[in-house]
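Build me a model:
(one chain, ligands or ions: 1)
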Amino acid sequence: MKSQLAIVRHGQSEYNLENRFTGFADVDLTTQGREEAAMCGRKLQGMQFEACFTSVLKRAIETLDIILDTIGQKQLPVYKDAALNERDYGDLQGLNKAETAEKYGAEQVALWRRSFDVSPPGGESLKQTQERVLPYYYANIEPLLQQGKNVLIVAHGNSLRALMMHLENLTPDAISHIDLLTGVPRVYDFDDSGKISYVQHLTS
Ligand SMILES: O=C(O)[C@H](O)COP(=O)(O)O
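Residues are numbered from 1 along each chain as shown. Reported below is the predicted structural model:
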């Protein structure tokens, strides 16, 4: 059965605006972040979803709520799970990214942010994030897509990059060069055999 999956990184958060590591820190969206969520809804206008998934962090939950309100589908079932949380940035959470690079070196910070299997101090590597994201996806989301149901996931930069590695068969090196913009939907079309036939990044 054909189906579509839309994935969206939450709108700009307060820590995104202040260039701070966020991770599990449960911060609010900014006004711009709420506007990005509404813009995302307008881009998804016309898609009919059967189920939505998000993390237990309010920046993602509120982004999803604004999207559903914008597309008039607030009646949909929403499943919240910590498996979709942003990667845990551990001891870096709340620290300014530029100041952290000055203190530990740009190379070390780049490794903590974009390597696959190096964990930030006290936090999760992308690999560890993937080890909770993919089992959740296989158990709860992939079956719906195989039944021909359209699904919307609103989560975080790294939990979605972990999922993208699977969906787009990306290597650790390839994913290290990919960032997800806040509030910009990426839509996957699945064909009757469950293979991805088309990917579109609705930037404009
Ligand atoms: O958790 C955060 O700091 C951001 O949402 C993602 O951060 P990163 O792009 O530095 O991994």
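
Next one: residue 93 relative to the ligand, how far apart?
8 Å (Cβ to the nearest ligand atom, to the nearest Å). Yep, even glycine has a C-beta here, placed from its N, CA and C like the rest.

any idea how far that residue is from residue 22?
7 Å (Cβ to Cβ, to the nearest Å).

just residue 6 next, same as before
22 Å.

again with residue 182
Residue 182 is 11 Å from residue 22, by Cβ to Cβ.

what is in contact with those two at once?
13, 16 (Cβ atoms under 8 Å, 6 or more residues apart in numbering).

Next to the ligand, which bits of the chain? Give me the list.
Counting by Cβ under 6 Å from any ligand atom, the positions of the chain adjacent to the ligand are 21-23, 86, 89, 113, 156-158.

How about the secondary structure of residue 197?
strand (DSSP: H, G, I helix; E, B strand; the rest coil).

can I assume it is in contact with residue 5?
No. Between residue 197 and residue 5 there is no contact under Cβ atoms under 8 Å: 11.9 Å.

So those two - more neighbours on which side?
residue 5 (25 against 11; other Cβ atoms under 10 Å).

That one belongs to a helix, doesn't it?
No. Assessed with three-state DSSP, residue 5 is strand; it does not lie in a helix.

All the helices of this protein, in order from the start?
14-17, 31-44, 58-71, 97-104, 106-114, 126-136, 142-146, 157-167, 172-175 (DSSP state H).

now these in TSV, with mean pLDDT and mean neighbour count?
Converted to TSV, the helices of the chain look like this (pLDDT from 0 to 100; neighbours: other Cβ atoms under 10 Å):
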stretch	mean pLDDT	mean neighbour count
helix 14-17	98	18
helix 31-44	98	19
helix 58-71	98	22
helix 97-104	98	14
helix 106-114	97	16
helix 126-136	98	19
helix 142-146	97	16
helix 157-167	98	22
helix 172-175	97	14
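
Determine which of the ones you listed approaches residue 81 most closely.
Closest of the helices of the chain to residue 81 is helix 126-136, at 6.0 Å (criterion: Cβ to Cβ).

That concludes my questions; thank you for your assistance.
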